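Enquirer: Generate a structure from the sequence data that follows.
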Amino acid sequence: MSLYLAIDAGGTKTVCCVADETRELARVSCGTVKLMRVSEAEATDRLTGLVTEAAAVAGVSLSDVTRTCMGIAGLSISAVRVWAENTLGKLVGGELLLCGDEVIALDAAFQGGPGILVIAGTGSNIVGRAADGTMYSAGGWGPAIGDEGSGFWIGHEGVKAVFWGLDRGVPTTMLKAIQEAWGADTIGDVVAAANVRPGPDFAALAPVVAWCAEEGDDLARAVLERAGDDLADQVALVRLKMEESGDPGTVGVAFVGSVLDRIETVRTSMVKSLAENGVNVTVKEVAEDSLDGALWRARMGLKC
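Expert: From the prediction side, this is the model:
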């Protein structure tokens with residue numbers, strides 16, 4: 001019996017499963033192992049504990065694993081690749097496949113075929129894969145430069161909208177909600193928290209902005225609608241790149257990440273904007289599970 005290990009190392013959490021040719025035997029999770037967020041020592045401890053737990057739950061030995069596929073952000077950074085290779089190489093037997101997180105998410109939706117993926121979680125990125133395997137992208141430059149439509153962007157824009165409203169006498173429930181989320185007693189406390197270095201976790205405010213929008217706050221809703229519009233603009237750009245390279249026809253669009261999965265206003269705004277601008281795509285209705293893509297690639301043995 002062949003055994004496969006699949007790992008999805010996201011910005012917020014890391015998920016791992018053990019499977020054979022047809023069945024998933026165990027699935028466990030832990031915090032992020034992203035080196036830009038935690039120390040190398042912490043990432044190593046978490047990943048070691050994760051795969052060890054997965055094997056124990058499945059009742060198998062890590063040395064018997066046929067192939068492992070790990071999807072992780074920042075793989076173009078040599079330190080990330082070296083760390084992943086060294087850490088897993090000491091823990092797991094068999095072949096190791098390392099892929100970008102966008103590759104396993106595309107595989108979850110399209111199993112090696114063409115398509116466009118919208119990643120909108122803590123950060124954001126749009127990637128497209130043509131029929132010949134060529135990859136195209138837009139965005140994904142990090143919160144200091146872009147990440148439009150991401151959880152970080154929504155939280156940051158929500159805070160900015162509060163003070164835009166204060167300057168113009170436009171009330172918003174986001175002020176009180178953000179104060180409660182940050183434990184800030186005064187407006188000055190919010191200003192201080194927003195400007196501290198290193199900066200606050202703006203992504204944690206995305207659900208706060210979403211809640212305010214659901215309660216009828218116009219400024220909050222406008223932030224979410226702009227998030228969807230910005231994501232649609234980047235999808236359209238990737239689709240244009242694919243068309244210019246000779247990849248005509250309607251292309252499927254899949255999505256992963258908490259923003260599009262959980263915040264309906266953002267998803268609706270993105271779909272509406274794509275339709276109004278005549279972008280030749282069809283958007284899937286539910287979010288993909290990136291871990292499924294890592295498992296598919298591990299079973300297939302396809303290098304990234």
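Enquirer: contacting residues for Val170?
Expert: Going by C-beta atoms under 8 Å, 6 or more residues apart in numbering, Val170 touches 164, 219. From N, CA and C alone the C-beta is placed, and that goes for glycine too.
Enquirer: how much space is there between it and Gly115?
Expert: Separation of Val170 from Gly115 (C-beta to C-beta, to the nearest Å): 41 Å.
Enquirer: Now name the helix or strand holding Val15.
Expert: Using DSSP states H and E, Val15 sits in strand 13-19.
Enquirer: and that strand, average pLDDT?
Expert: The average pLDDT within strand 13-19 is 96.
Enquirer: what about this structure, any weak spots by pLDDT?
Expert: Along the chain, no part satisfies pLDDT under 70.
Enquirer: Tell me, how many residues neighbour Lys13?
Expert: Using other C-beta atoms under 10 Å, Lys13 has 13 neighbouring residues.
Enquirer: Ok, Ile119 next?
Expert: For Ile119, the neighbour count with other C-beta under 10 Å is 30.
Enquirer: Could you look up the SS state of it?
Expert: State at Ile119, reduced to three classes by DSSP: H, G, I helix; E, B strand; the rest coil: strand.
Enquirer: is it in a bridge, and if so with what?
Expert: Beta-bridge pairing of Ile119 under DSSP bridges involves Asn125, Val256.
Enquirer: give me every residue that touches it.
Expert: Contacts of Ile119 (C-beta under 8 Å, 6+ apart): 101-102, 105, 125-127, 140, 255-257.
Enquirer: For these, give me JSON lines that also has neighbour count and distance to Leu219.
Expert: Formatted as JSON lines, the contacts of Ile119 follow (neighbours: other C-beta atoms under 10 Å; distance: C-beta to C-beta, whole Å):
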{"residue": "Asp101", "neighbour count": "27", "distance to Leu219": "32"}
{"residue": "Glu102", "neighbour count": "24", "distance to Leu219": "32"}
{"residue": "Ala105", "neighbour count": "32", "distance to Leu219": "32"}
{"residue": "Asn125", "neighbour count": "26", "distance to Leu219": "26"}
{"residue": "Ile126", "neighbour count": "28", "distance to Leu219": "26"}
{"residue": "Val127", "neighbour count": "23", "distance to Leu219": "31"}
{"residue": "Gly140", "neighbour count": "18", "distance to Leu219": "27"}
{"residue": "Phe255", "neighbour count": "27", "distance to Leu219": "25"}
{"residue": "Val256", "neighbour count": "26", "distance to Leu219": "28"}
{"residue": "Gly257", "neighbour count": "26", "distance to Leu219": "23"}
